[in-house]
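Engineer: What follows is a predicted structure for the sequence shown.
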Amino acid sequence: MSKNTMHDSTATASRPGTGNTPAPAALRKSLKNRHVQLIALGGAIGTGLFYGSSESIALAGPSILLAYLVGGLAIFMIVRALGEMSVEDPRAGAFSYYATRYWSKRAGFVSGWNYWFNYILVSMVELSVVGSFVNYWFPAIPQWVSAAVFLVVIAAMNLLGVSKFGEFEFWFAIIKIVAVIAMIVSGLAVLIAGLPTDSGVKASFSNWFALDGGVLPHGLLQQSADGQWTGLLMALVVVMFSFGGTELIGITAGETEDPRRTIPRATNGIIWRILVFYIGALGVIMAVVPWNTIDGTTSPFVQIFDSVGVHAAAGILNFVCLTAVMSVYNSGLYANSRMLYSLARQGNAPEILGKLNFHGVPVVGVLASAAITALAVVVVFLWPDFAFNYLMSIATIAGVINWSMIMVTEIHFRRRVAAGDGPGELAGLTGDEALGRIHFKLPFARVMPYVVLAFLAFVVVLMCFSSSYRVAVIAGVVWLAILLTAYQVTQTCKTVRP
């Protein structure tokens with residue numbers, strides 16, 4: 001048997017509902033269109049925008065707007081590739097299921113566990129900093145107490161059912177949207193009315209071009225006197241990781257009321273959300289607040305509110321960031337439980353992780369993910385340097401691994417569809433006829449996956465220029481080796497088991 005044939009037969013044998021694997025227990029299709037729309041929007045707005053944008057502005061100046069546009073287009077194509085598969089074959093644990101079904105069981109194992117561990121680490125960081133936001137108002141409360149309370153509350157929310165998760169995410173997203181829109185409106189009012197600002201520099205869009213080196217103050221890529229690399233290309237690395245979480249749309253497909261209508265609408269909306277909430281917001285900020293005064297000591301959003309005389313901005317943003325942290329952990333726990341459910345259905349995780357409760361929630365997956373996150377938070381408090389330098393390096397590169405696997409899986413998906421092994425109504429159709437019947441096509445599908453993969457490879461090369469991101473690249477190689485070894489060990493154990 002050839003290698004490719006072996007992969008195909010393995011994937012087919014592990015396909016839910018075929019062969020000797022029972023059809024999956026029914027999840028509740030309770031997510032409405034408004035839930036998915038706001039989940040998609042909320043995934044693109046977080047502390048990376050509110051605080052992390054200052055780092056990217058310092059690296060590239062006004063040209064950061066171009067970096068967000070280029071990075072946003074790449075992320076849009078990644079989510080479009082995922083959306084193409086999700087509309088035809090809506091499943092929980094999207095990436096892992098599709099990698100198993102259309103690529104190989106090994107790919108499904110790596111994709112699923114990589115994404116699960118990535119969100120464990122992201123959740124770990126979010127919970128470890130939640131105490132600092134609470135301490136803004138209640139300094140006497142120990143940070144570990146805040147982390148524990150939020151962990152228990154959000155885990156309890158997730159056990160109530162997917163509709164409750166969708167409702168909480170809906171309102172979390174509303175808070176973030178209102179904050180960004182309020183900032184944009186305030187900034188535009190200053191620009192239109194010509195109001196004075198605290199910086200002494202007149203608010204104007206001409207500040208993009210007139211201040212300290214113009215649009216490209218640090219060029220495309222240059223090394224500063226202290227040996228650090230700056231410029232538009234280095235900012236692109238920071239920008240890419242601020243978009244993490246947008247692929248959550250694919251995870252929701254298996255529990256969406258009408259995925260064929262809802263997923264395309266939510267996916268296509270990503271591009272204008274990036275234009276408005278990233279490019280629009282940062283463009284207004286740099287017109288009102290001179291970009292060379294944005295040094296990361298405080299959020300650019302606080303600076304712009306201070307500029308217009310709203311000195312309660314720090315407290316307002318603290319509340320917004322607290323809800324953003326809760327949103328990230330809420331989404332992370334949801335995504336992780338569904339990923340474990342999918343891995344269990346594939347035979348890539350213990351069967352008990354696929355058990356559903358009365359509300360149609362993979363209860364063991366929720367509790368297991370929450371427990372592991374709690375242990376990870378303990379590690380942060382005991383060994384913060386280890387956690388942030390090494391564990392977060394894995395989380396950083398895990399995003400690139402996940403996006404890359406989505407694009408490669410999409411290539412395999414189209415090959416299987418063209419060969420007559422597509423899902424649903426595509427089954428039995430072959431060639432261009434089958435590909436033409438795909439409802440939500442990836443634009444320029446023959447070349448786009450390769451373009452995106454080349455772009456992601458370029459981002460990894462850029463990471464090697466930065467001492468902090470270089471650790472992530474090394475960690476990524478080690479991490480992939482661990483995942484591949486773990487898969488081989490589990491398969492060997494299954495083979496020799498009586």
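Structural biologist: Here it is on my side, so go on.

Engineer: residues touching the residue lying closest to F305 once chain neighbours are set aside, list them.
Structural biologist: Distance criterion Cβ to Cβ, 6 or more residues apart in numbering; nearest residue to F305, sequence neighbours excluded, is A313 at 3.1 Å. From N, CA and C alone the C-beta is placed, and that goes for glycine too. Neighbouring residues of A313 by Cβ atoms under 8 Å, 6 or more residues apart in numbering: 301-302, 304-306.

Engineer: can you map out the helices along the stretch 351-498 of the chain?
Structural biologist: 363-382, 384-386, 392-418, 431-436, 448-463, 467-496 (DSSP state H, counting those that start in this stretch).

Engineer: Please determine how far S163 is located from E433.
Structural biologist: Noted for S163: a distance of 38 Å to E433, by Cβ to Cβ, to the nearest Å.

Engineer: Between the two, which is the more surrounded one?
Structural biologist: For S163 versus E433, neighbours defined as other Cβ atoms under 10 Å are more numerous around S163 (18 against 11).

Engineer: That one sits in which helix or strand?
Structural biologist: helix 162-193 (DSSP states H and E).

Engineer: Pull the distance from that helix to the chain's centre.
Structural biologist: Taking Cα atoms, centre = their mean, to the nearest Å, one finds helix 162-193 lying 19 Å from the centre of the chain it belongs to.

Engineer: On the pLDDT front, check F358 for me.
Structural biologist: Looking at F358, its pLDDT is 84.

Engineer: sorry, that was for T47
Structural biologist: Predicted confidence (pLDDT) for T47: 69.

Engineer: Next: L66.
Structural biologist: Looking at L66, its pLDDT stands at 93.

Engineer: Does it touch L232 like I think?
Structural biologist: Yes: counting by Cβ atoms under 8 Å, L66 does reach L232; the two are 6.7 Å apart.

Engineer: Who has more neighbours out of those two?
Structural biologist: Just comparing L66 and L232: by other Cβ under 10 Å the higher neighbour count belongs to L232, 24 against 17.

Engineer: That one and G213, how far apart?
Structural biologist: Taken as Cβ to Cβ, the span from L232 to G213 is 12 Å.

Engineer: Pull up the overlap in contacts between these two.
Structural biologist: By Cβ under 8 Å, 6+ apart, no residue touches both L232 and G213.

Engineer: Ramachandran angles for the closest residue to G420 other than its chain neighbours?
Structural biologist: Spatial nearest neighbour of G420, chain neighbours left out: T430 (4.4 Å); criterion: Cβ to Cβ, 6+ apart. T430 adopts backbone torsions of phi -130, psi 160, taken as degrees, to the nearest 10.

Engineer: Pull the number of nearby residues for T430.
Structural biologist: 14.

Engineer: And for A349?
Structural biologist: 24.

Engineer: Output the contacting helices and strands for the helix holding S163.
Structural biologist: helix 33-43, helix 143-159, helix 281-288, helix 300-307, helix 313-346 (3 or more Cβ pairs under 8 Å, 6 or more residues apart in numbering; DSSP states H and E).

Engineer: can you list the weak-confidence ranges in this structure?
Structural biologist: For the chain, the stretches with pLDDT under 70 are 1-26, 42-44, 47, 198-199, 295-298, 307-311, 388-389, 496-498.

Engineer: what residue lies at the spatial centre of it?
Structural biologist: G245 (1.8 Å; Cα atoms, centre = their mean).

Engineer: for it, helix, strand, or coil?
Structural biologist: Here G245 is coil, with the state taken from DSSP: H, G, I helix; E, B strand; the rest coil.

Engineer: what's the spacing between it and I304?
Structural biologist: Counting by Cβ to Cβ, the gap from G245 to I304 is 24 Å.

Engineer: Likewise for P90?
Structural biologist: 41 Å.

Engineer: Neighbour count for the two, which is higher?
Structural biologist: I304 (26 against 23).

Engineer: what residues are up against the more buried one?
Structural biologist: 183, 186-187, 284-285, 288-289, 313.

Engineer: T230 touches I57, doesn't it?
Structural biologist: No: using Cβ under 8 Å, T230 is not in contact with I57; the gap is 11.3 Å.

Engineer: Of these two, which one has the most company?
Structural biologist: Applying other Cβ under 10 Å to T230 and I57 shows that I57 carries more neighbours, namely 25 against 20.

Engineer: Which strand or helix spans that one?
Structural biologist: Per DSSP H and E, I57 falls inside helix 53-60.

Engineer: re the thing from before, show me which pair in the contacts of A313 is furthest apart.
Structural biologist: F301 and D306 (9.7 Å; Cβ to Cβ).

Engineer: neighbour count winner among the two?
Structural biologist: A side-by-side neighbour count of F301 and D306, using other Cβ under 10 Å, places F301 first with 29 against 18.

Engineer: Can you give me the end-to-end span of stretch 45-63?
Structural biologist: Criterion Cα to Cα, to the nearest Å; first-to-last residue distance in stretch 45-63 is 20 Å.
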